[in-house]
Structure formats: structure tokens, C-alpha cells
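Coordinates only, no sequence provided:
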């Protein structure tokens, strides 16, 4: 297994700091770490609320990457509050493909111990927006 996967996993794990901000908002229940094409790691944690301010850990990490003027993702890992590797949410899969159709080639860690990685396009193989890419 590439050493970078362990680094991404550990980085995501550091961001799993669940905190109840108020009676309505919590943060840090899930975490994501991304490897940008510039070989820098970007991370983010979830924000959950009863309003539109909610944000997945995946989107949070992408925003942090964009704030550094990096726009290409090579690898991604997402963790739940038990430090288990989980798949990106369906909304996040959609979001990533809308950002860039080439994001289908992002490697997503499925299992660190078993050295299992999938491409984003394998998680959402018949994405509805594909037809727009062929105009």
C-alpha cells in the first residue's frame, strides 16, 4: 500500500473532533482528507445542522483545497466517528463529478488493511451528467 494512504487516513483521523456547537449544530462527526495534484493534503470535517449550513466532510476538504488555489484531487479518504473508512456520500459523489468530469479518476480508499482502492467512476458508473461532457 502506498504510504500516502496511511498519511491521508491519519490526517482525516485528526479532524474527527465531534463538537456540539449549539442545540442545532454539530461538527466533526465525519472527516475527509484529500491529496491534491500538488501533493498537499487537505482535510475537512462535517457540519450538521437543521438549516442549509450543513456541509459534508468531503465538501469541506474540497473548499480548503480550493482556498489554496488547487483544483485537482488525486486521492480521497472519508472516516466516520468510529475512525472507520466509509464511502463518500451520494451527494458528495455528485458534487465531485459536477466539479470536474475527470474527477471520476479519483482514487478512493475503501480498506486500508486490505489495500483496497476504487475509482470514483466505479462508485457512480452511470452518472447522469456524462452526456454533457460529450458536447
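Happy to help now that I have it. No experiment lies behind these values; they were computed from the predicted model shown.

Please count neighbours and contacts with C-alpha atoms only from this point.
OK.

now the helices for this structure?
In the chain, the helices defined using DSSP state H lie at 3-14, 57-67, 90-99, 120-123.

Just say which of those is most tucked in.
Per residue and on average, the most neighbours among those fall to helix 57-67, with a mean of 20 (mean count of other Cα atoms under 10 Å).

How far does that one sit from its chain's centre?
Relative to its parent chain, helix 57-67 has a centroid offset of 8 Å by Cα atoms, centre = their mean, to the nearest Å.

Next, the angle helix 3-14 makes with that helix.
For helix 57-67 and helix 3-14, the angle between their directions (axes from the mean of the first three to the mean of the last three Cα atoms, to 10 degrees) works out to 110 degrees.

So which residues make contact with helix 57-67?
For helix 57-67, the external contacting residues (Cα atoms under 8 Å, 6 or more residues apart in numbering) are 28, 30-34, 36, 42-47, 71, 78, 88, 92, 95.

Give me the buried entries from those residues.
28, 30-34, 36, 42-47, 78, 88, 92 (16 or more other Cα atoms under 10 Å).
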